[in-house]
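>>> Would you be able to build a 3D model of this:
(2 chains)
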2 protein chains.
Amino acid sequence: MNIGIIGLGLIGGSMAIDLKRRGFAEKLKGVESDSVNAAAAMKIGLVDEITTLEECAGSCDMIILAVPVGAAIKLLPEILDIFQKETENGSSCRKIVIDTCSTKEQLIRTVHYHPMRMRYVATHPMAGTEYSGPWAAMPGLFDGRACIICNQEESSPAAVRIVEKMYDCLNMRPIYMNASSHDVHTAYVSHISHITSFALALTVLDKEKNEKHIFDLASGGFSSTVRLAKSNADMWVPIFSQNRDNLLKVIDTYIEKINAFRKAIDEFDEKGIRSLIEDANRIKRIIR
Amino acid sequence: MNIGIIGLGLIGGSMAIDLKRRGFAEKLKGVESDSVNAAAAMKIGLVDEITTLEECAGSCDMIILAVPVGAAIKLLPEILDIFQKETENGSSCRKIVIDTCSTKEQLIRTVHYHPMRMRYVATHPMAGTEYSGPWAAMPGLFDGRACIICNQEESSPAAVRIVEKMYDCLNMRPIYMNASSHDVHTAYVSHISHITSFALALTVLDKEKNEKHIFDLASGGFSSTVRLAKSNADMWVPIFSQNRDNLLKVIDTYIEKINAFRKAIDEFDEKGIRSLIEDANRIKRIIR
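Prediction:
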């Protein structure tokens, strides 16, 4: 199968590596708007060639849209338009396009009435690191993680089956969810972690003017908690903006919890502090 | 040198492993109030024998107090009392006691006027994991990290030199700070990370009732950000309580930053969100 990847960053690049070495992709074409990233992706050998969106969507069996969700909202209808043109002489289109974005509702709504909607499968592979760009791509990034497939009833069953096969090749387990649940649950688990981590970095940079102190006093704990604060603005600005309503709810709950700690500490309420910590410790049963 | 370790948990146990295998400790004695942990420490082979505080402080050249700071405040004067008794027949005491606690001001104040104060060296090795107990002890835990030595002018220079040698054997680089700066800076960098992580766990457990969703949607990012929420209440309750004033200040700054995100997201202010994220990204230069 010939695969085209739009966006050769961490996700697109890592998919390229594993789909090629595991034999799922015969030929890999890449589309990348940033010329430095495009040149690097070729040099690293992530794809066989760099091409345009039109050529890529015209010549590949599957297109993977691995760009920030703001760009995906623009590009997904363009790709479906190209698919549609191919059916104008009466032939049917068997091409598939998937996205890998972290918010789903708006993107899916954008193409809801597109005549080629069935050729699109909405997916969210739950994997990543805090790094970005083609040089961040790595083999095995997806192994053992979950991949959410949204609103699969709106996609062609045959297309869904091929996409499932592709994620199986990436060693991911599929989970089926509707777009609106997806956005609620990712806000509750994934997006809020990014906000807390960005805020932690801002706090430490604000309070601790001596950077050497930050370096020295950062035990493994701080590094791990602040890791996501290295994440890329291009990716996260549209996610926060698109998932606004769900995020505001979870941020409010988070502020309540921080205030509960603040109050217990302020009042020297050691029993209260202990009960908050022991409650939080329940996360151990879920995340090992 | 014969070394006695009071508290055979993550820190005490990991020190035991490296001090023994690197030849700094000849004989290692352990004191552990929890009988299960004591038996496990013997079975794992962390120490050569389990003994009482009195016997340990009476027979060892160096005592390492690796207990939560609440317990250290009680035990440190008792150990210095034992040292003092040995000088009653006119002989001098060359024994040393150190602690490894994460807050320093109150502990140091507790023994400020003790006649044996010079035999105590206040230290804080900046290393750890979210696990506790003797089974969490691991070789190499301290390698390459910083160790803070507080108020060293209040300790005997000879004692400080021996303690520096010991930390050198653990591959730690010493940093010198007074107790009150130590408590400010650890609040700013280390303690706040724990609060944000505990609050994140509480938030996710509160909003996301379906534990399977937490498990499925937790990409590496969430796991890393919530890691510290597994930390032990026995250790953290006294730290939060003793470092109250510094912590309240940094919690207030943190709440400001979270509210700045909340406001920008609420107002769909993508420029504002971007600027917060890019500001937070500056942490990359410090923490790799």
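>>> got the buried residues for the helix ranked longest in chain A?
The helix that spans the most residues within chain A, counting by DSSP state H, is helix A:244-266. By neighbour count, and taking 16 or more other C-beta atoms under 10 Å in any protein chain shown as the criterion, the buried residues in helix A:244-266 are A:244, A:246-247, A:250-251, A:253-255, A:257-258, A:260-262, A:264-265. In short, each C-beta sits where N, CA and C put it, glycine included.
>>> And stretch A:197-207, what's buried?
Along stretch A:197-207, the positions that meet the burial threshold by neighbour count (16+ other C-beta under 10 Å) are A:197-205, A:207.
>>> filter those residues down to the ones close to chain B.
For chain B, the contacts drawn from the buried residues of stretch A:197-207 by C-beta under 8 Å from any C-beta of the partner chain are A:197-205, A:207.
>>> pLDDT check: weakest of those?
Taken together, these show their lowest pLDDT at residue A:207, with 89.
>>> give me phi/psi at that residue?
For residue A:207, the backbone dihedrals are phi -80, psi -40 (criterion: degrees, to the nearest 10).
>>> what's the answer for residue A:61, then?
Taking degrees, to the nearest 10, you get phi -80, psi -30 for the backbone angles of residue A:61.
>>> Report how many residues lie close to it.
Neighbouring residues of residue A:61 were enumerated by other C-beta atoms under 10 Å in any protein chain shown; the total is 15.
>>> just to revisit the earlier point, so for the longest helix of chain A, mean pLDDT?
Along helix A:244-266, the predicted confidence averages to a pLDDT of 97.
>>> What sits closest to residue A:1 if chain neighbours are left out?
On the basis of C-beta to C-beta, 6 or more residues apart in numbering or on different chains, the spatially nearest residue to residue A:1 that is not a chain neighbour turns out to be residue A:61, at 4.8 Å.
>>> Would you mind confirming that that neighbour is in contact with residue A:98?
No: contact between residue A:61 and residue A:98 fails when scored by C-beta atoms under 8 Å: they sit 11.8 Å apart.
>>> can you give me the strands in chain A?
Listed in chain order, the strands found in chain A under DSSP state E are A:3-6, A:28-31, A:49-50, A:62-65, A:96-99, A:120-125, A:146-150, A:173-177.
>>> Report the backbone C-alpha coordinates of the least confident helix or strand in chain A by mean pLDDT in PDB.
Of all the helices and strands that make up chain A, the one with the lowest confidence by mean pLDDT, DSSP states H and E is helix A:211-217; it has a mean of 82. The C-alpha coordinates for helix A:211-217 follow below in PDB (Å, rounded to 0.1, in the frame of the first residue of the first chain):
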ATOM      1  CA  GLU A 211      18.300  29.200  36.800                       C
ATOM      2  CA  LYS A 212      21.200  27.300  38.300                       C
ATOM      3  CA  HIS A 213      19.000  26.700  41.400                       C
ATOM      4  CA  ILE A 214      16.300  25.200  39.200                       C
ATOM      5  CA  PHE A 215      18.900  22.900  37.600                       C
ATOM      6  CA  ASP A 216      20.400  21.900  40.900                       C
ATOM      7  CA  LEU A 217      17.200  21.400  42.900                       C
END
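>>> Mind listing what's buried along it?
A:213-214, A:216-217.
>>> Which secondary structure elements does that helix sit against?
Using 3 or more C-beta pairs under 8 Å, 6 or more residues apart in numbering or on different chains; DSSP states H and E as the contact test, the elements touching helix A:211-217 are strand B:146-150, helix B:179-186.
>>> mind putting these in a markdown table, mean neighbour count included?
Formatted as a markdown table, these follow (neighbours: other C-beta atoms under 10 Å in any protein chain shown):
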| stretch | mean neighbour count |
| --- | --- |
| strand B:146-150 | 22 |
| helix B:179-186 | 21 |
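>>> can you list those in JSON lines and add distance to residue A:127 and mean pLDDT?
Output for the helices and strands packed on helix A:211-217, formatted as JSON lines (distance: least, C-beta to C-beta, whole Å; pLDDT from 0 to 100):
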{"stretch": "strand B:146-150", "distance to residue A:127": "33", "mean pLDDT": "96"}
{"stretch": "helix B:179-186", "distance to residue A:127": "33", "mean pLDDT": "94"}
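>>> Could you give the separation of stretch A:12-26 from the chain centroid?
On the basis of C-alpha atoms, centre = their mean, to the nearest Å, the separation between the geometric centre of stretch A:12-26 and that of its chain is 17 Å.
>>> likewise stretch A:235-249?
Here the centre of stretch A:235-249 is set off from its chain's centre by 13 Å, with C-alpha atoms, centre = their mean.
>>> same deal with stretch A:88-97?
For stretch A:88-97, the distance from its own C-alpha centre to the chain's C-alpha centre is 28 Å (C-alpha atoms, centre = their mean).
>>> where's the closest residue to residue A:28 other than its chain neighbours relative to residue A:165, distance?
Closest residue in space to residue A:28, ignoring its immediate chain neighbours: residue A:47 at 4.5 Å, by C-beta to C-beta, 6+ apart. With distances defined as C-beta to C-beta, to the nearest Å, the gap from residue A:47 to residue A:165 amounts to 21 Å.
>>> Need the max-distance pair from the buried residues of helix A:211-217.
Within the buried residues of helix A:211-217, two members stand farthest from each other by C-beta to C-beta: A:214 and A:216, at 7.5 Å.
>>> before we move on, the earlier item: would you check which of the buried residues of helix A:244-266 are in contact with chain B?
Among those, the ones lying close to chain B by the criterion of C-beta under 8 Å from any C-beta are A:244, A:247, A:250-251, A:253-255, A:257-258, A:260-262, A:265.
>>> What is the nearest of those residues to residue A:15?
With C-beta to C-beta as the yardstick, the closest approach to residue A:15 among these comes from residue A:247, at 26.8 Å.
>>> Looking at residue A:47 and residue A:165, which one has more neighbours?
When neighbours are counted by other C-beta under 10 Å, residue A:47 comes out ahead of the other of residue A:47 and residue A:165, with 26 against 11.
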